[in-house]
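Enquirer: attaching a predicted model along with its sequence, questions to come.
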Amino acid sequence: MKIDPFVILLFLSIFVAYIYPPLGSGTGTFSLSTAAHYGVSLIFFFYGLRLNWEKIAQGLSNYRLHVVVHLSTFVLFPLLVLPLALHFSPPGEPDWLWIGIFFLATLPSTVSSSVVMVNMARGNVPAAIFDASISSLLGVFITPLWMQFFISSQTSGKDLSSVVFSLIVQVILPVLLGIALHRQMGAFSQRHDKTLRKFDQSVILLIVYTSFCHSFQDKMFSAISLQTLALLSAGMVGLFFVVYFIVALWCRILRFNREDTITALFCGSKKSLVHGVVMSQVLLPNAKLAGILILPTMIYHALQLIIVSVIASRFAKDGTE
């Protein structure tokens, strides 16, 4: 199995931030943080341009599959983590690593990697496109709502309405603009799909880099040991497989066919790093906390790519035998 180069660059950006944090911790009109902020809106504008509405419409009627995917993404994940997060980080006594784990659990599913993996495993691709796209839009409203368990009680938090408004401006409006221009520029986005995806990844790397620069500058990771990181990684693997097997059980009870089962398993067990880094900036005006908040999401993102790649390859092999 080859390791995704983006995963390597992701952790390399953290290493560079650790070596010299002042470069990315600056603020102002021409700072890297400002460039990352505007880059996010461009990511979602290009996402709107690339939306294939014909394929989304094909998957619209399979409502049972959609319910399973979104229940897993926005209900099962948070309910599994919430009791532990409340126990280890009660309101008024924030443990930002545990809040970061709960933050991961509230995020929407990925878009591009979910669709790619479903296609590789010979699943229901139109339904995967529909579910991943709708999940991204729903997350703008549902993730901040779940995070009110912790963020609203902290002095560093924002009011829910201001968070949702910021996400609408930064995420929803660019997507809608991209959709509106799809007829004029959709062909351009398809021709340059690889280049645009590299741009998306570059912006994500920039946001991760600047977030960790702020965190390292203020020594926010001084209390996190290598043992803690190892336990966190093991916990992320455990969380993935608990959700994966619960969704598999739901699919068996509902008697899904092979294609729908694959889509439910892959879309319902993955989490979006893109939304994680964007929402961390909006939810926490204190930039030095954003690095800790997205650390569990980054680890989960890397591990889910590896695990799902192996599973997708196995499904593909079984489908050709």
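Expert: Yes, it's here. Residues are numbered from 1 along each chain as shown.

Enquirer: for stretch 268-286, C-alpha coordinates in CSV please.
Expert: C-alpha atoms of stretch 268-286 as CSV (Å, rounded to 0.1, in the frame of the first residue of the first chain):
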residue,chain,number,x,y,z
GLY,A,268,-20.9,6.9,7.0
SER,A,269,-17.6,6.2,8.6
LYS,A,270,-15.4,9.0,7.1
LYS,A,271,-14.9,12.6,8.4
SER,A,272,-13.9,15.7,6.4
LEU,A,273,-10.6,17.3,7.2
VAL,A,274,-11.6,20.3,5.0
HIS,A,275,-14.6,21.1,7.1
GLY,A,276,-12.6,20.4,10.3
VAL,A,277,-9.9,23.0,9.5
VAL,A,278,-12.4,25.6,8.3
MET,A,279,-14.8,25.2,11.3
SER,A,280,-11.9,25.3,13.8
GLN,A,281,-11.0,28.8,12.6
VAL,A,282,-14.6,29.9,12.9
LEU,A,283,-15.5,28.2,16.2
LEU,A,284,-12.4,29.4,18.0
PRO,A,285,-11.3,33.0,17.5
ASN,A,286,-8.3,32.1,19.7
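
Enquirer: could you list the buried residues of that stretch?
Expert: By neighbour count on 16 or more other C-beta atoms under 10 Å, the buried set for stretch 268-286 is 268-284. Placement of C-beta: from N, CA and C, glycine included.

Enquirer: what's the mean pLDDT across it?
Expert: For stretch 268-286, mean pLDDT is 83.

Enquirer: repeat for stretch 290-300
Expert: Mean predicted confidence for stretch 290-300 is 86.

Enquirer: so what touches that stretch?
Expert: Residues from elsewhere that reach stretch 290-300 (C-beta atoms under 8 Å, 6 or more residues apart in numbering): 10-11, 14, 96-97, 99-101, 103-104, 107, 208, 211-212, 214-216, 220-221, 224, 229, 232-233, 236, 239-240, 271, 273, 276-277, 280-281, 283-284.

Enquirer: can you pull up the most central residue in the protein?
Expert: Ser272 (1.4 Å; C-alpha atoms, centre = their mean).

Enquirer: list the contacts for that one?
Expert: Contacts of Ser272 (C-beta under 8 Å, 6+ apart): Leu107, Pro108, Ser109, Thr110, Val111, Ser135, Ser136, Gly139.

Enquirer: and the longest helix along the chain, what's buried?
Expert: Using DSSP state H, we find that the single longest helix of the chain is helix 287-320. Buried residues in helix 287-320, counted by 16+ other C-beta under 10 Å: 287-305, 307-309, 311-312, 315-316.

Enquirer: dump the residue contacts of Val164.
Expert: Val164 touches Val140, Phe141, Pro144, counting by C-beta under 8 Å, 6+ apart.

Enquirer: out of the residues you listed, which end up buried?
Expert: Listed as buried from the contacts of Val164 are Val140, Pro144; burial here means 16+ other C-beta under 10 Å.

Enquirer: pLDDT score assigned to Ser156?
Expert: For Ser156, pLDDT reads 50.

Enquirer: cool, the one 4 residues further on as well?
Expert: Each residue has a pLDDT score; the one for Leu160 is 71.

Enquirer: same question for Ile253.
Expert: According to the prediction, Ile253 has pLDDT 96.

Enquirer: same question for Leu239.
Expert: 96.

Enquirer: then the one 10 residues further on?
Expert: Leu249 is assigned a pLDDT of 97 by the prediction.

Enquirer: so which strand or helix has it?
Expert: In this assignment (DSSP states H and E), Leu249 forms part of helix 226-253.

Enquirer: that helix: which residues count as buried?
Expert: For helix 226-253, using 16+ other C-beta under 10 Å, the buried residues are Leu232, Gly235, Met236, Leu239, Phe240, Val243, Tyr244, Val247, Ala248, Trp250, Cys251.

Enquirer: hang on, the fourth one packs against Pro78?
Expert: Same thing as Leu239. No - when contacts are counted by C-beta atoms under 8 Å, Leu239 is not listed as touching Pro78 (11.3 Å).

Enquirer: got any residues that touch both of the two?
Expert: Residues within reach of Leu239 and of Pro78 at once, by C-beta under 8 Å, 6+ apart, are Ala105.

Enquirer: coming back round to it: contacts only, for the nearest residue to the residue nearest to the centre of the chain once chain neighbours are set aside.
Expert: In space, and not counting its chain neighbours, Ser272 is closest to Thr110: 4.7 Å by C-beta to C-beta, 6 or more residues apart in numbering. By C-beta under 8 Å, 6+ apart, Thr110 lies in contact with Ala132, Lys270, Lys271, Ser272, Leu273, Val274.
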